[in-house]
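Visitor: could you look at this predicted model? Sequence included:
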Amino acid sequence: MLALYCLWRALQEPKIAFWLPLMAFFLGTAFSIKYTAVLAIAPIGVVLVYEKMVRKNPIRLGWHCLLVFVLPLLPWLLKNGLAFGNPFYPLAISLFGGGTGYSPEMERGLLADTGLPTLSGLSRLPQTLWSSFFTPLNAVNAPWTPLAVMGLPWVLEMVGKKAGRFLATFSLLFFGGWIFVSSSFRHASGGALVLVLLASMAWGEAFKERKTGAKLLFGVGSGLALWLCLSAQLTTTAPYASALGLEDPLLRLKRHYSYDLDTYAAYRGMEAHSQPKDKVIAFGVYQTYPLQRIAFVDFKWKRPIFLQWASQCRTAEQLARLLREEGVRYFLYQKWEAASISHGEKDFNLVGMPVSEYVRFWKYFMQPVGIYENSFVYEARITPLSVSEKLGLLPGLDEKTSMNP
């Protein structure tokens, strides 16, 4: 929204030099937050080309615009480049590669999982629009605000004005690109904000007419919008009992994020016996939002981080030293989740390190400190135990024979 405002001012005041660099900075900041900002960057680029080439607007795009666009991106691009050899990880794998265990096939799986349309043909586009704007099947769990649709008669009036035409043009370009690259409405938040602004301006025009029908329609739309918001909260997070202190926040998270209570017990145990700088390997764990420690988390689409580290070592001592260098204090193992990932991920296996050394590592360098129904916590040791630990399930080797209940 800030970038779009700066673009609007630049088009109206082309001789004022700072509007376009400021626009570029806000676009770079948006892109550093989430790659889907490209859905806003592309329409703004189209508008700039049209203004410069067709309308002969004397706006100037210099090298400084590119510089301030890249500036807020640099920390993220540098981190990705150092960690994965790919500044745009987990995308652009075919151009830059994806690091150990990540392939173009996994990138395609990621895009499909996060909303890339799998339906082909122009005939399915209206269905995508209907599902995203008017049903809960849009990754937001609620139909979009009806106030925008109810304001359409006055939106048409706004299009007759310069500002309204500018916002409507951006919206058409934004959603025209979005519908071909994503089926998830959560990726359209930038365009949705512009539609909200356009609808707000339209309702302002409606109130200027001082007609009872417009006010009545607005009241009905507001009530419906509030109800949709409330119903979405009740069917997704149900936050009110927890917010009022009537429900343990951990129970709410368990209900909505598929955690077990023994997982929270494991979290609290690690937090109570470690320092904030200590790190955790969450092996085969989907997410660790409530854990107040830095964690290496294994989602799907690639070989688990711990198995990648093991593949770099030949002895138990080398693996123990690697964990110490990474600052790892604890190892969290959730057997059901790990088994589920292992059955669906072909690269979930131990390579490089001899199995005998891997077993010796677990016997002498990993000490069990928390045993729960599904979660197990091990403390990584710097020096080996004098007496080996008795092994139960061996993380990284036994998941293929375990079944997720």
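Guide: Thanks, I have it. Not measured: the values here are computed from a predicted model.
Visitor: which one is residue 395 nearest to, not counting chain neighbours?
Guide: Nearest-residue entry for residue 395: residue 333, 4.9 Å, with adjacent residues in sequence omitted and distances by CB to CB, 6 or more residues apart in numbering. For every residue, glycine as well, the C-beta is placed using N, CA and C.
Visitor: quick one: contacts of stretch 6-20?
Guide: 22-23, 26, 44, 47-48, 51, 57-61, 65, 163, 166 (CB atoms under 8 Å, 6 or more residues apart in numbering).
Visitor: before we move on, the earlier item: per-residue pLDDT, the residue nearest to residue 395?
Guide: pLDDT recorded at residue 333 is 89.
Visitor: now do residue 383
Guide: So, for residue 383, pLDDT stands at 87.
Visitor: that one - how many residues pack around it?
Guide: Residue crowding around residue 383 was assessed by other CB atoms under 10 Å; the count is 8.
Visitor: pull out the buried residues from the longest helix along the chain.
Guide: Criterion DSSP state H: the longest helix present in the chain is helix 212-236. Of all the residues in helix 212-236, those buried under the rule 16 or more other CB atoms under 10 Å are 214, 217-218, 221, 225, 228.
Visitor: please name every helix or strand in contact with that helix.
Guide: helix 146-150, helix 189-208 (3 or more CB pairs under 8 Å, 6 or more residues apart in numbering; DSSP states H and E).
Visitor: lowest mean pLDDT across the ones you listed, which one is that?
Guide: Mean pLDDT per stretch puts helix 146-150 lowest among the helices and strands packed on helix 212-236, at a mean of 86.
Visitor: buried residues, that one. List them.
Guide: Applying a neighbour-count criterion of 16+ other CB under 10 Å, one finds 146-148, 150 buried in helix 146-150.
Visitor: flag the shaky bits of the stretch 1-150 of the chain, pLDDT-wise.
Guide: Under the criterion of pLDDT under 70, the regions of the stretch 1-150 of the chain flagged as low confidence span 99-101, 113-123.
Visitor: mind listing residues that contact the longest helix of the chain?
Guide: The contact list for helix 212-236, computed with CB under 8 Å, 6+ apart, reads 136, 140-143, 145-147, 150, 154, 203, 206-207, 239-240, 256.
Visitor: closest one of these to residue 105?
Guide: residue 140 (28.9 Å; CB to CB).
Visitor: give me the three-state assignment for the closest one.
Guide: In terms of secondary structure, residue 140 is coil; the call rests on DSSP: H, G, I helix; E, B strand; the rest coil.
Visitor: burial of it, as a residue count?
Guide: The burial count for residue 140: 17, using other CB under 10 Å.
Visitor: again with residue 30
Guide: Burial of residue 30, expressed as a neighbour count using other CB under 10 Å, amounts to 21.
Visitor: same question, residue 318
Guide: Taking other CB under 10 Å as the neighbour definition, residue 318 ends up with a count of 16.
Visitor: enumerate every residue touching it.
Guide: residue 312.
Visitor: redo that, cut-off 10 Å
Guide: Under the criterion of CB atoms under 10 Å, 6 or more residues apart in numbering, the contact partners of residue 318 comprise 309-310, 312, 353, 357, 361.
Visitor: can I get the helix or strand encompassing it in CSV? Just the C-alpha atoms.
Guide: Here residue 318 is covered by helix 316-325, with elements defined by DSSP states H and E. These are the backbone C-alpha positions of helix 316-325, laid out as CSV (Å, rounded to 0.1, in the frame of the first residue of the first chain):
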residue,chain,number,x,y,z
ALA,A,316,30.4,-40.9,16.4
GLU,A,317,33.0,-38.3,17.7
GLN,A,318,32.8,-36.3,14.6
LEU,A,319,29.0,-36.1,14.7
ALA,A,320,29.1,-35.1,18.4
ARG,A,321,31.6,-32.4,17.6
LEU,A,322,29.4,-31.1,14.8
LEU,A,323,26.4,-30.8,17.1
ARG,A,324,28.6,-28.9,19.6
GLU,A,325,29.8,-26.5,16.9
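Visitor: phi, psi for residue 396 please.
Guide: The main-chain torsion angles of residue 396 are listed as degrees, to the nearest 10 and equal phi 100, psi -20.
Visitor: mind listing what it touches?
Guide: By CB under 10 Å, 6+ apart, the contact list for residue 396 reads 283-284, 304, 306-307, 310, 333, 338, 342, 348-350, 353, 355, 358, 362.
Visitor: now do residue 213, the pLDDT please.
Guide: In this model, residue 213 carries a pLDDT of 86.
Visitor: then the one 5 residues further on?
Guide: The predicted structure scores residue 218 at 91 on the pLDDT scale.
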